[in-house]
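*Asks:* how does the following fold in three dimensions:
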Amino acid sequence: MRFASPILRLARTMSTSEALPKSDIPIFATVSAYREWREAAFHDRKSVGFVPTMGALHDGHLSLVKHSLAANDHTVVSIFVNPAQFAPHEDLATYPRTLPEDLAALTALAGPAGRMPSAVFLPPVREMYPSGITQDVSAQRGTFVEVKGLSEPGEGRTRPTFFRGVATVVTKLFNIVQPTNAYFGQKDIQQAMLLRRLVGDLLLANPTPERLHIIRTTRDLTSGLALSSRNAYLSPAELGRAPALYAALRAAEDAWASGANKHECLKRAEAVLEEARLLGQKDAVTVKSDYIEFFDPSSFQALDEAADRSSRGGLPTVLTGAMWVGKTRLIDNLVLDDDGTIVGR
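*Replies:* Down below sits the predicted model:
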C-alpha cells in the first residue's frame, strides 16, 4: 500500500508528542494528522468505513468493525467519550474507559487470516471542542447541531440534551473522517435514524444517508440481553434481571404479530416488567420501567393507542424501551416488519 509508511511515521511522531499507547494500528490524535492520511486515501480512490465509538468496546462494537472491514478498503475507528451528550448529573466521569483493552481487541481482529482497522482516531477533548465544552447546555458557547422533531420524543424525553450532543459530535467526526460508509448499532435505533436524517438534511457527501448503515443488535447468546458498555455497571444479581427488557419487548412483538393493538401490546410488556420487579425484590435488585413505546421510524412520533399491524399497512414500526436495573439505565428495541430498509441484514 503506497501510503503505509507515512501512516506509521505519523503514528510514531504522535506517540512521542502525545504519549499515546503503543499499538499495531496507527493512532491519530489530531485532525490535521488524520486529514493527511485521508487525503492519501482519496488520492488512491480507497473507500473508508467508519465506526464511531466511546470505547469500552464489546462484541457489538466489533461486529460493526467487521462489517466495515468486509465492505471497505480501509476502516477507521474513533474512540472519544463525548462530554456534550452527558447531562451534568450523568455518568461522564465514571463511563468505562478501557483503551489498552480496546486497542488489543481491534488488533486481534486480524487473526490468522483477518484484517484489522487501518487507523484509530483518538482525539482529546480540546481537539473536538476548540471553543471549550461544558455539560451545562445553558453555559455552552460555540456551534452545536440539533435535529428538530426527532430529538424530543423517546430517549429525548428522559435525556433532553443527549441528541444535541450526539448530533454535534457526529457532524464533527463525519467532517473529519470523511467516511465512504459509516456503521451504527441498532441498539441505539433513535440515534441512528436521527443521524440518517442529519446527513440528508445537511447534504453531506461522506456519508450519504444510504451509506449510513444500521447493524443488527448483538445479544448475549443465552439471555438475549443487548450488549452495552454500561452492562459493566451491573452486579451479578442485577445482570440476572437485566434481560427482562428484551423479554418485555418480545412479548409486545408477539402480541403485535397476532393482531393486538398498541394498548394491548404495551400491557403485555408491562406485565413482564412487573414480574421482573417482583422477582428483583427477592434479590434486593431494583427493577423500574422507564418507558416502552411504538414509534413511526420516519418521524419517531408515538403511534396511536389503537394502532395495530394492519393499520400500519406493512410499514416498519420501531418498538423501543428503557428500564432501570439498580442505578443503571438500559435501552433496547426491536424493528417490526422491517424489509431491510432500516436495519441491515
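*Asks:* in what helix or strand does residue 238 lie?
*Replies:* Assessed by DSSP states H and E, residue 238 sits inside helix 236-241.
*Asks:* now the strands for the chain?
*Replies:* Taking DSSP state E, the strands of the chain run over residues 27-28, 48-53, 74-79, 119-121, 181-185, 212-215, 287-295, 317-325, 328-336.
*Asks:* reformat these as CSV; add mean pLDDT and distance to residue 101.
*Replies:* No exception for glycine: its C-beta is placed from N, CA and C like everyone else's. Listed next are those as CSV, based on pLDDT from 0 to 100; distance: least, Cβ to Cβ, whole Å:
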stretch, mean pLDDT, distance to residue 101
strand 27-28, 97, 15
strand 48-53, 98, 13
strand 74-79, 98, 11
strand 119-121, 98, 13
strand 181-185, 98, 19
strand 212-215, 98, 22
strand 287-295, 98, 29
strand 317-325, 98, 24
strand 328-336, 98, 20
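*Asks:* so which of those gets nearest residue 59?
*Replies:* Nearest to residue 59, of all those, is strand 181-185, at 10.9 Å by Cβ to Cβ.
*Asks:* partner strands of that closest one, parallel or antiparallel?
*Replies:* Using DSSP bridges, the strands paired with strand 181-185 in its sheet are strand 48-53 (parallel), strand 212-215 (parallel).
*Asks:* can you dump the C-alpha coordinates of the first one into PDB?
*Replies:* In other words, strand 48-53. What follows is strand 48-53, C-alpha atoms only, in PDB (Å, rounded to 0.1, in the frame of the first residue of the first chain):
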ATOM      1  CA  VAL A  48     -13.100   4.300   4.100                       C
ATOM      2  CA  GLY A  49     -15.500   2.700   6.500                       C
ATOM      3  CA  PHE A  50     -16.000   4.500   9.900                       C
ATOM      4  CA  VAL A  51     -17.200   3.100  13.200                       C
ATOM      5  CA  PRO A  52     -17.500   5.900  15.900                       C
ATOM      6  CA  THR A  53     -17.400   4.700  19.500                       C
END
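*Asks:* ok now it, how far from the chain's centre?
*Replies:* What separates the centre of strand 48-53 from the centre of its chain is 11 Å, taken as Cα atoms, centre = their mean, to the nearest Å.
*Asks:* give me the contact list for it.
*Replies:* With Cβ atoms under 8 Å, 6 or more residues apart in numbering as the test, strand 48-53 has contacts from 38, 41, 61, 64-65, 67-69, 71-80, 117-118, 170, 173-174, 177-184, 207.
*Asks:* again, but for stretch 226-243
*Replies:* Applying Cβ under 8 Å, 6+ apart, the set of residues contacting stretch 226-243 from outside is 54-60, 91, 95-96, 187, 217-220, 223-225, 246, 276, 279-280, 283-285, 287, 325-332.
*Asks:* of all the residues in the top helix by length along the chain, which ones are buried?
*Replies:* Within the chain, and with DSSP state H defining each element, the longest helix by residue count is helix 262-282. Neighbour-count burial for helix 262-282 flags 262, 264, 265, 266, 268, 269, 272, 273, 276, 277, 280 (criterion: 16 or more other Cβ atoms under 10 Å).
*Asks:* which residues does residue 264 contact?
*Replies:* residue 255.
*Asks:* tell me where this structure has helices.
*Replies:* Under DSSP H, the chain gives helices at 4-18, 31-43, 59-71, 99-108, 125-128, 155-158, 162-177, 189-201, 236-241, 244-257, 262-282.
*Asks:* I'd like those helices as JSON lines, with distance to residue 306 and mean pLDDT appended.
*Replies:* Output for the helices of the chain, formatted as JSON lines (distance: least, Cβ to Cβ, whole Å; pLDDT from 0 to 100):
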{"stretch": "helix 4-18", "distance to residue 306": "58", "mean pLDDT": "42"}
{"stretch": "helix 31-43", "distance to residue 306": "51", "mean pLDDT": "96"}
{"stretch": "helix 59-71", "distance to residue 306": "35", "mean pLDDT": "97"}
{"stretch": "helix 99-108", "distance to residue 306": "47", "mean pLDDT": "96"}
{"stretch": "helix 125-128", "distance to residue 306": "45", "mean pLDDT": "97"}
{"stretch": "helix 155-158", "distance to residue 306": "22", "mean pLDDT": "95"}
{"stretch": "helix 162-177", "distance to residue 306": "29", "mean pLDDT": "98"}
{"stretch": "helix 189-201", "distance to residue 306": "23", "mean pLDDT": "97"}
{"stretch": "helix 236-241", "distance to residue 306": "32", "mean pLDDT": "97"}
{"stretch": "helix 244-257", "distance to residue 306": "13", "mean pLDDT": "98"}
{"stretch": "helix 262-282", "distance to residue 306": "7", "mean pLDDT": "97"}
